[in-house]
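[1] structure, please.
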Amino acid sequence: MPYDESLVALVRETVMIALKIALPILGAGVVIGLVVSIIQSVTSIQDQTLTFVPKIVVMMVVLILLTPWIFMRLTDFAARLFWVGIPTGSG
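    From the prediction side, this is the model:
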């Protein structure tokens with residue numbers, strides 16, 4: 001099936017933007033989950049909410065702190081997409 005290379009570039013750029021936005025938030029959740037799991041194994045506390053609540057809190061704090069950066073990335077992508085044309089993958 002033939003495809004347009006600009007469409008492939010658009011999909012690639014979209015996926016990369018999504019990964020760049022999600023990575024810090026998910027990374028914070030993984031790090032806090034690891035720290036809480038180590039603390040749980042050292043203290044022999046096996047409560048499931050003990051891992052869930054800190055992860056949610058830290059991920060929300062990271063999301064709030066990164067909101068301006070996320071907004072900047074999305075508006076830059078939208079501007080390049082709608083006003084300049086198909087992104088070339090240079091950003």
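
[2] roughly how far apart are the residue sitting nearest the centre point of the chain and Thr14?
    Closest to where the C-alpha atoms of the chain average out (CA atoms, centre = their mean) is Ala22, at 0.5 Å. For Ala22, the distance to Thr14 equals 12 Å [CB to CB, to the nearest Å]. Bear in mind the C-beta positions are built from the backbone N, C-alpha and C, glycine included.

[3] likewise Ser41?
    When CB to CB is applied, the distance between Ser41 and Thr14 equals 40 Å.

[4] looking at those two, which is more packed in?
    Taking other CB atoms under 10 Å, Ser41 and Thr14 do not tie; Thr14 has more neighbours (13 against 10).

[5] ignoring the adjacent residues along the chain, who's closest to the more buried one?
    In space, not counting the residues next to it along the chain, Thr14 is nearest to Phe77; the distance is 7.8 Å by CB to CB, 6 or more residues apart in numbering.

[6] how far away is that neighbour from Ala22?
    Taking CB to CB as the measure, Phe77 falls 14 Å from Ala22.
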